[in-house]
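**Q** build the 3D model from these lines:
(chains A and B)
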Amino acid sequence: MTATGPSTNQTRRRFMDWLLSRTLTTWLLSTSVGGLLLSVLYPAGRYLVPPAAGESAAASVTLPLKPEEIAANSGQIFKFGNRAGLLIRTPGGELRAFSATCTHLGCIVQYRADLSQIWCACHNGHFDLNGINVEGPPPKPLEQYQVNVRGEQVVITRGA
Amino acid sequence: MGIWEWLDDRLGLAELKQLALKKRVPVHRHSMWYYLGGMTLFLFVVQVTTGVLLLFYYRPTADEAYESVQFIMAEVEFGWLVRSIHAWSANLMIFTLFLHFLSVLLLKAYRPPRELTWVSGFVLLGIALGFGFTGYLLPWNELAYFATRVGTEIMGVVPLVGEFFLRVLRGGEDVTGATLTRFYAIHVAVLPAVAVALIALHLFLVQKHGMSVPLKHPNPGAPRSMPFFPNFLLRDLVGWLAALAVLATLAAFFPTELGPKADPFAPAPAGIKPEWYFMFMFQTLKYLPAHLLFIEGEAAGILAFALGGVVLLLVPFLDRRASRGEPSPAFTWLGIALIVYVIVLTYLGYAANPTR
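**A** Residues are numbered from 1 along each chain as shown, chains lettered A, B, ... in the order given. Sure, this is the predicted structure:
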């Protein structure tokens, strides 16, 4: 057993040397370079992500128009917070309101009196008078809002 | 000591001169395709020049961008010319870039050792499309507004990370003035810096490996050739002058329009369309059904285009036959199919009735 003593010591010293000379140096270098990169890239990356904007919390909006200003078989865009909405009067005379953002790729839709449908010009998407996607690429119906007529006012409310 | 000697001692001009005199360009029946890369580079220089001029008056805010472009077009002397040349040169540059890309694809000039030349060129093609996409929004007009809304929304279709990237790209939930400043920064600072670095690499590789000779050349080892300097360069110059004449003609007779100002609360106008070089993708998305198997049609389309892009990027590594110097008809047909697909879909995009 004693015969192996010096060689064990030697091995240990060689190991320590190796550890200090290679692994440790490499480790220190790579972690400090990594740390440096991270400390530069992380703030830059976070900087590029826009801060969350105060989403308009308004659950209802009173439109600056009178109910009789919307003729049957026509539609009009209105502002719902920072989004666009579409108010239509069906050929039957009923008022309905939807989100005007197409569920396909986010264009603003419009009312097509010649088809009595809601239509998106970007990719030729069609919705019926209930906002249901009936033709073209839109994958989902338009979000429907509640319309309340209070005297001369039209009040649009987003569902809970 | 003359000026030449003084500079030579400091810059090593003699070596550069030696290099320039040594460079030769092969001459054969496909030699004309060699001019397209230089032509694209020339148009890029035109873009940088006119772009810098536009920066003197342009203002990148939602309130002022449209008006500042109007000011450039109506009030600034030769403003209409500078903007029209910038817009036309962008289109011509994409066009020559497409031709350059397709000629390299069909002549299989991507064979070893030119794989990295292909990869750097393909990334540059992507950057050129990025230039087009970001620059299109800057005048803040109706068409550009909706094209950007659709174009960025497509990003949101990507599973998992899409929503996040959409927000980063737009600078918020919607396309707003925040999007405009972002696109402006990307268009005038980020992309030019990356493009210049990649062009330098691309040119260095072209210089290092010389021009590729087509596979079918009867004597690929020692083709007939002409000196680059001055024979080839003078021919290049003729092409550039011709391009400049075409640009001036287009800009003078068909000045770029501005259209109505963007209004986030107006319905998308009928006949909205992206730039012609995105038309084939735009038109493909129109034909996809809402749902394809278990995913949304859109996501399937984007996935297919992304996959196609990766395949094209990796062509030099996939085309084993060409890399051994053997004919590889499969990749020729791939190139032809690509050309036919793009042309047909682009045609349909302009010919199809946009309403019903």
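**Q** strands along the chain, start to end?
**A** In the absence of a named chain, this looks at chain A. All strands of chain A, identified by DSSP state E, fall at A:60-62, A:74-80, A:83-89, A:95-99, A:110-112, A:117-120, A:125-127, A:133-135, A:144-150, A:153-158.
**Q** oops, chain B please
**A** With DSSP E as the criterion, chain B has strands spanning B:24-26, B:225-227, B:291-292, B:295-296.
**Q** can you put the strands of chain A in a markdown table and add mean pLDDT?
**A** Converted to a markdown table, those look like this (pLDDT from 0 to 100):
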| stretch | mean pLDDT |
| --- | --- |
| strand A:60-62 | 86 |
| strand A:74-80 | 90 |
| strand A:83-89 | 91 |
| strand A:95-99 | 93 |
| strand A:110-112 | 93 |
| strand A:117-120 | 93 |
| strand A:125-127 | 92 |
| strand A:133-135 | 90 |
| strand A:144-150 | 90 |
| strand A:153-158 | 89 |
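**Q** need those strands in TSV (columns: mean neighbour count).
**A** Any C-beta I mention is one placed from the backbone N, CA and C, and that applies to glycine too. Formatted as TSV, these follow (neighbours: other C-beta atoms under 10 Å in any protein chain shown):
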stretch	mean neighbour count
strand A:60-62	14
strand A:74-80	19
strand A:83-89	23
strand A:95-99	21
strand A:110-112	21
strand A:117-120	24
strand A:125-127	23
strand A:133-135	17
strand A:144-150	15
strand A:153-158	17
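**Q** export these as a markdown table, with columns for distance to B:L180.
**A** Converted to a markdown table, those look like this (distance: least, C-beta to C-beta, whole Å):
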| stretch | distance to B:L180 |
| --- | --- |
| strand A:60-62 | 26 |
| strand A:74-80 | 20 |
| strand A:83-89 | 19 |
| strand A:95-99 | 24 |
| strand A:110-112 | 24 |
| strand A:117-120 | 23 |
| strand A:125-127 | 26 |
| strand A:133-135 | 31 |
| strand A:144-150 | 29 |
| strand A:153-158 | 28 |
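**Q** end-to-end on stretch A:107-116?
**A** When the termini of stretch A:107-116 are compared using C-alpha to C-alpha, to the nearest Å, they are 19 Å apart.
**Q** got the buried residues for that stretch?
**A** By 16 or more other C-beta atoms under 10 Å in any protein chain shown, the buried positions in stretch A:107-116 come out as A:C107, A:I108, A:V109, A:Q110, A:Y111, A:R112.
**Q** thought the third one was touching B:A270?
**A** Which is A:V109. No. Assessed by C-beta atoms under 8 Å, A:V109 is found out of contact with B:A270, at 11.9 Å.
**Q** by proximity to chain A, which residue of chain B wins?
**A** B:P267 (3.4 Å; C-beta to the nearest C-beta).
**Q** got a list of what the residue found closest to that residue once you drop the neighbours it is linked to in the chain touches?
**A** Spatial nearest neighbour of B:P267, excluding adjacent residues (C-beta to C-beta, 6 or more residues apart in numbering or on different chains): A:Q110 at 3.4 Å. If a contact means C-beta atoms under 8 Å, 6 or more residues apart in numbering or on different chains, then A:Q110 has A:G75, A:I77, A:L86, A:I118, A:W119, A:C120, A:A121, B:P267, B:A268 as its contacts.
**Q** read off the pLDDT value for the most centrally placed residue in chain A.
**A** The structure's chain A has its C-alpha centroid closest to A:G106; by C-alpha atoms, centre = their mean the separation is 10.4 Å. pLDDT, A:G106: 85.
**Q** ok, now B:E326?
**A** pLDDT, the model's per-residue confidence, is 88 for B:E326.
**Q** that one: how many residues sit nearby?
**A** Look at B:E326: counted by other C-beta atoms under 10 Å in any protein chain shown, it has 10 neighbours.
**Q** again with B:L143
**A** B:L143 has 21 nearby residues by other C-beta under 10 Å.
**Q** same deal with the one 4 residues further on?
**A** Neighbour count of B:A147, defined by other C-beta under 10 Å: 24.
**Q** repeat that for B:F294.
**A** A count of nearby residues for B:F294, using other C-beta under 10 Å, gives 6.
**Q** near chain B, which residues of chain A?
**A** Taking C-beta under 8 Å from any C-beta of the partner chain, the part of chain A that reaches chain B is made up of A:48-50, A:53, A:55, A:77, A:79, A:82, A:84, A:100, A:104-110, A:115, A:119-124, A:133, A:136-139.
**Q** all helices for chain A, in order.
**A** For chain A, helices defined by DSSP state H occupy the ranges A:5-18, A:25-48.
**Q** hey, what's the closest residue to chain B within chain A bridged with?
**A** Nearest to chain B, among the residues of chain A, is A:Q110, at 3.4 Å (C-beta to the nearest C-beta). With DSSP bridges as the criterion, A:Q110 is bridged to A:W119.
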